[in-house]
Every structure is written in structure tokens, then in C-alpha cells.
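Student: I'd like to go over a predicted model; first the sequence, then the structure.
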Amino acid sequence: MNLHFPYIDRIWRARGELPLDEALSPDEAFARIEPLLQAPGTDYAVDGDTLAYSKRNPAAQDKLATFTSGTLRISQQDNGRSLLSFNVSSAALLLVFLAPLLFLGFAQAMVTINGWEQANTEAAQPDKKKEEKPKVKAELHPLDKLLGAPEPEDPAKKKEKDKGKKKEKFSPTRAYVLAGLFFVIYLVGRVLEPWLLKRTLRAALARRPDESAVADGEEMVALGANFTQGDAR
């Protein structure tokens, strides 16, 4: 996602800074982040103090799956500690932002079609409305009243009731509901996803490369032991 529009690109881009608890050189910091970039379909390159990456069809378990491209930069602060600055973009956030606009377009199309069909129906029966005369309410015979028969319904009231029951052929309600749902999802994701990214980067930078290797080795040993036990059974 290489589009750059001032203010507008904030819809799908996230920028921020992450202060570190220690002083790390760019090489040390990127060495700790590198395990996050070992997922299939990920390309990355380091240029001095900046790391640029991009992902193609990331898997769901990829911790950077939401932000498919961006840059990470390491700089030194006056207090001697390092600072990680990130500028990343998310195709998923852009799609979720556009989804409400799509459903609102569907709703407006339904409203337009309903209005067009109603206008055609009224235009096709202009003379019938003029010829219609108000019907007089029928009166019950005194004997029927004596026997407790119900009063006949007023034709005028019946006509108003039938008019109120008339349903539109295409209801835009569902489209409006889906538009609102996706808008809420976008707002939640726009706040939550950058926070999760910071948490992921903070955890990666707090972990030394040798610790990552040991943890991965222990995981592979445990996995191999499980397979061995399964074969023995």
C-alpha cells in the first residue's frame, strides 16, 4: 500500500513511537525483530537505522498480518535509551473502512428503486384514483344488532390500514445495519490494532536473539517428543 495522501492515508496507516528500556543499536534491535519477519511471503531489507518490510497474503497466525507493509526506525534519545518509530499500512483497515460506504450505496440504490417503482405504479393508474368514490359504511339490520353481530368495518379506515401495511419491495434496513456494524468494527480496529502492534514489538525487543533460539529449540524438542510418543503408541 504505497499510496500517500496527507490526512486521508491515516485511514489505513498507523504511525507511532515505542521508547525502549535500554540502548540498542539498529543491528541489535532488528536482530530481535527478525523472527517476526520470518513468516512465508515476507520480504524485508535493512538500510542503516531503518527496516522496510512487505507481506503477501499473510497467514492468520502471523503477528504482523494486519499491517502488511511499513518501516521501522531505531534512533537514540537524549537519555541514552533507544526509540523505535514505526510507519505501517494495513489493507485490511482500508477494506473495513470502505465496506460501510459500499452498503450505504446499496441502501441508496434500494431507496431509489422503490421510489421509481412507486412512481410508475401511480402513473399507470391516474384515472382509477379519480373515479374512486368514498364508500359509505354499511349499517347493520336492527335484528343483527339485537343478536350481537359485530359492526362492519369502515371502508375509509380499512383503506388507510391497507396502505400502512404496504411493504417496500427492497428494504434498505439490512444494508444500513451492516454499514453501521462495519463502521464500529473499523473504529475498534483502528484503535486496537496499533496497540497490539506496539505490544508485539515491545515483546520482541525485550527478548534477546539467543533466548529466541533457545525457546524455539525447546519448542521443536517438545514437538519431536510428542511425535515419538505417538509413534510408540
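Tutor: Structure's in. What do you need? Remember, predicted model here, so these are calculated numbers, not experimental data. Residues are numbered from 1 along each chain as shown.

Student: ok, S82 - contacts?
Tutor: S82 makes contacts with L20, E22, A23, L24, A29, I74, S75, Q76, as judged by CB atoms under 8 Å, 6 or more residues apart in numbering. For glycine as for every other residue, the C-beta is placed from the backbone atoms N, C-alpha and C.

Student: look up phi and psi at it.
Tutor: phi -100, psi 160 (degrees, to the nearest 10).

Student: thinking again about what came up before, quick check on the contacts of S82: which are buried?
Tutor: Those of the contacts of S82 that meet the buried threshold are L20, L24, A29, I74, by 16 or more other CB atoms under 10 Å.

Student: out of the residues you listed, list just those in strands.
Tutor: I74 (DSSP state E).

Student: spatially, which two of the buried ones among the contacts of S82 are the most separated?
Tutor: Set against one another by CB to CB, the buried ones among the contacts of S82 have their most distant pair in L20 and I74, with a gap of 8.5 Å.

Student: identify the contacts common to those two.
Tutor: Common neighbours of L20 and I74 (CB under 8 Å, 6+ apart) are A29, S82, L83, L84.

Student: of the buried ones among the contacts of S82, which belong to helices?
Tutor: Taking DSSP state H, the ones among these that sit in helices are A29.

Student: which one of the buried ones among the contacts of S82 is nearest A65?
Tutor: Using CB to CB, the buried ones among the contacts of S82 come closest to A65 at A29, 21.6 Å.

Student: hang on, isn't that closest one packed against F86?
Tutor: No. The criterion here is CB atoms under 8 Å, and A29 misses it with F86 at 11.8 Å.
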